[in-house]
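Student: Task: produce atomic coordinates for the following.
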Amino acid sequence: MSVNGPGTGGVIADAGEWSPELQKARAYEQILLDIILGELPPGARLDEQSLTRRYQTGLAGVRDALGRLALEGMVVRRARAGTTVSPLDLVDLREGYEARALIEPHCAAMAARNATDEEIAQIASTFDDAERADAEQDRRALIAMDQRFHALIARASRNTALARILIPLQHKAARFWVYSMGTTTQEERLADICLHRAVAQRIAARDAEGARAGMILVLGTMPQTVKRSLTSWGEDDAQSASGAPTG
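Tutor: Model prediction:
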């Protein structure tokens, strides 16, 4: 079946070889979202033929998508054993957050200086439908918005090296953020959306230091919400989750 839905198009696809209209880019984004949302759970075996049917795409596109996801640490590919979804790793989460806290505010400041008018418009519109998505508990749309927002800012920094480091860290963090959605109130989620919009406003105003400070606030909400969700889930589960293999 097709899993395309609102808010999924162009989540993190970039220009050139991974332009969003390409089959492999669409497959990559859909598989990525399903891993983040847990629809492809930790440890699940990813059969390429099954994925072509699930996403209504070609085998070459699926293979390219899995190759990119492997480079980002979202899946594990082993000779003869096939491809599986990477386990959830709490240490990986903590280290990734520390790296993001160092890199992402700087990227937001650089985006305020370097983003084109088109990029500013894209960043500003990312959360336009967020209240509707939250009210309908559309986690797929909310995750897509969040991933697109952070990826757009990373690329608008005009520092390719930083963007290549940062975007995979965002993907990994989102896997844990999904669990926090069930433990946060609507008021907290809407406040988080407002923090993201404030960053967009500072970037549009070409206020580099304001964008930096705003991103620090956005990232500051993550440890509390994720810690709360992991407390209810159990850190041992987060460190060792691998899921049951599936065909």
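
Student: for this protein, what spans make up the helices?
Tutor: All helices of the chain, identified by DSSP state H, fall at 23-37, 48-55, 59-71, 90-114, 117-125, 130-135, 139-156, 160-180, 186-204, 208-233, 235-240.

Student: Out of the ones you listed, which is closest to residue 79?
Tutor: Taking Cβ to Cβ, helix 59-71 is the member of these nearest to residue 79, at 12.4 Å. C-betas here are computed from N, CA, C, even on glycine.

Student: pLDDT on that closest one, on average?
Tutor: Helix 59-71 shows a mean pLDDT of 94.

Student: how far out from the middle of the chain is it?
Tutor: Put simply, helix 59-71 sits 17 Å off its chain's centre (Cα atoms, centre = their mean, to the nearest Å).

Student: a markdown table please, covering the helices of the chain and showing mean neighbour count and distance to residue 81.
Tutor: Converted to a markdown table, these look like this (neighbours: other Cβ atoms under 10 Å; distance: least, Cβ to Cβ, whole Å):
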| stretch | mean neighbour count | distance to residue 81 |
| --- | --- | --- |
| helix 23-37 | 23 | 18 |
| helix 48-55 | 16 | 14 |
| helix 59-71 | 18 | 13 |
| helix 90-114 | 19 | 21 |
| helix 117-125 | 15 | 40 |
| helix 130-135 | 16 | 37 |
| helix 139-156 | 24 | 29 |
| helix 160-180 | 19 | 22 |
| helix 186-204 | 18 | 39 |
| helix 208-233 | 17 | 28 |
| helix 235-240 | 14 | 19 |
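
Student: Check these for me: which has the lowest mean pLDDT.
Tutor: Note on the helices of the chain: helix 235-240 shows the lowest mean pLDDT, a mean of 47.

Student: Does residue 69 touch residue 75 like I think?
Tutor: Yes. The criterion here is Cβ atoms under 8 Å, and residue 69 meets it with residue 75 at 4.6 Å.

Student: I'd like to know how many residues surround the nearest residue to residue 82 once chain neighbours are set aside.
Tutor: Spatial nearest neighbour of residue 82, chain neighbours left out: residue 45 (5.8 Å); criterion: Cβ to Cβ, 6 or more residues apart in numbering. Neighbour count for residue 45, taken as other Cβ atoms under 10 Å: 16.

Student: okay, the residue of the chain positioned farthest from its centre: pLDDT?
Tutor: The centre of the chain is farthest from one residue, residue 80, which by Cα atoms, centre = their mean lies 29.2 Å away. Residue 80 is assigned 80 on the pLDDT scale.

Student: so how far is residue 62 from residue 101?
Tutor: With distances taken as Cβ to Cβ, to the nearest Å, residue 101 is found 34 Å from residue 62.

Student: Oops, could you answer that again for residue 91 instead?
Tutor: Applying Cβ to Cβ, the value for residue 91 to residue 62 is 30 Å.

Student: Run through the residues that contact the closest residue to residue 168 other than its chain neighbours.
Tutor: In space, and not counting its chain neighbours, residue 168 is closest to residue 72: 3.9 Å by Cβ to Cβ, 6+ apart. By Cβ atoms under 8 Å, 6 or more residues apart in numbering, the residues touching residue 72 are 167, 168, 171.

Student: Looking at the residues you listed, spot the one nearest residue 141.
Tutor: Residue 141 lies nearest to residue 171 out of these, by Cβ to Cβ, at 16.7 Å.

Student: Show the contacting residues for that closest one.
Tutor: Counted by Cβ under 8 Å, 6+ apart, residue 171 has contacts 12, 32, 36, 72, 74, 147.

Student: one more time with 10 Å
Tutor: Contact analysis of residue 171 by Cβ atoms under 10 Å, 6 or more residues apart in numbering lists 11-12, 32-33, 35-36, 69, 72-74, 96, 143, 147, 150-151.

Student: Equivalent analysis for residue 190, please.
Tutor: Applying Cβ under 10 Å, 6+ apart, the residues near residue 190 are 130, 131, 134, 135, 184.
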